[in-house]
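Student: Got a sequence here, can you build the structure:
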Amino acid sequence: MHPHAQLIQTFYAAFAKRDAETMASCYHPDIRFSDPVFTDLRGARAGNMWRMLCERAPTLKVQSSGIAADDTAGRAHWEAQYEFSATKRSVHNNIDAKFEFAGGKISRHTDSFDLWRWAGMALGLKGKLLGWAPPVQNAIRKQGMRGLDAYEARSASR
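Tutor: Numbers count the residues shown, from 1 in each chain. Coordinates of the predicted model:
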């Protein structure tokens, strides 16, 4: 197995254990992360997002598959099952991930999933009916960033 594929496997094995510190250690210091909610996280903020998500999701189950990588790029598919903390609704999200590497670490991580589908599971009827709409998707993004900002503020004061 290519070392970068092993790195991705380590990342998801840690995620399955909700071990955000190991996940963050797989990232290059100049990591750039994006997904449909957190569209541009850089550096420590990416690791903090995983720390926040792992803390908030005690019921989280993660399964990864299709892990492949070479010297410059990699990919994986992963599924997350959890209870969305804000609504206590059950979510089963399917995500495709792309990776780039630098210095033996993940330097770029892009997750892709259907935000409308996620909104339907996480938010219920409002998400099913309006989750496709840019104002609703932007509200989801703003709420996610507010949550990350609050998490980082609490962590800094500890």
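Student: Format the CA atom coordinates belonging to stretch 55-65 as PDB.
Tutor: What follows is stretch 55-65, C-alpha atoms only, in PDB (Å, rounded to 0.1, in the frame of the first residue of the first chain):
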ATOM      1  CA  GLU A  55     -16.900  15.900  20.500                       C
ATOM      2  CA  ARG A  56     -20.400  16.700  19.400                       C
ATOM      3  CA  ALA A  57     -21.200  13.300  17.900                       C
ATOM      4  CA  PRO A  58     -21.000  10.600  20.600                       C
ATOM      5  CA  THR A  59     -23.100   8.300  18.400                       C
ATOM      6  CA  LEU A  60     -20.800   8.700  15.400                       C
ATOM      7  CA  LYS A  61     -20.100   5.700  13.200                       C
ATOM      8  CA  VAL A  62     -17.600   6.100  10.300                       C
ATOM      9  CA  GLN A  63     -16.900   3.600   7.600                       C
ATOM     10  CA  SER A  64     -14.400   4.200   4.800                       C
ATOM     11  CA  SER A  65     -13.800   2.400   1.500                       C
END
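Student: All further residue positions should be reported with the first residue as 20.
Tutor: Got it, first residue is 20 now, which makes that one stretch 74-84.
Student: Roughly how far does the residue nearest to Lys80 when sequence neighbours are not counted sit from Asp130?
Tutor: Spatial nearest neighbour of Lys80, excluding adjacent residues (Cβ to Cβ, 6 or more residues apart in numbering): Gln100 at 4.5 Å. Every C-beta, even on glycine, is put in place using the N, C-alpha and C of the backbone. Per Cβ to Cβ, to the nearest Å, Gln100 is found 16 Å from Asp130.
Student: Val110 now?
Tutor: 14 Å.
Student: More neighbours: which of those two?
Tutor: Val110 (20 against 17; other Cβ atoms under 10 Å).
Student: Which residue is the nearest non-sequential neighbour of the more buried one?
Tutor: Met140 (4.5 Å).
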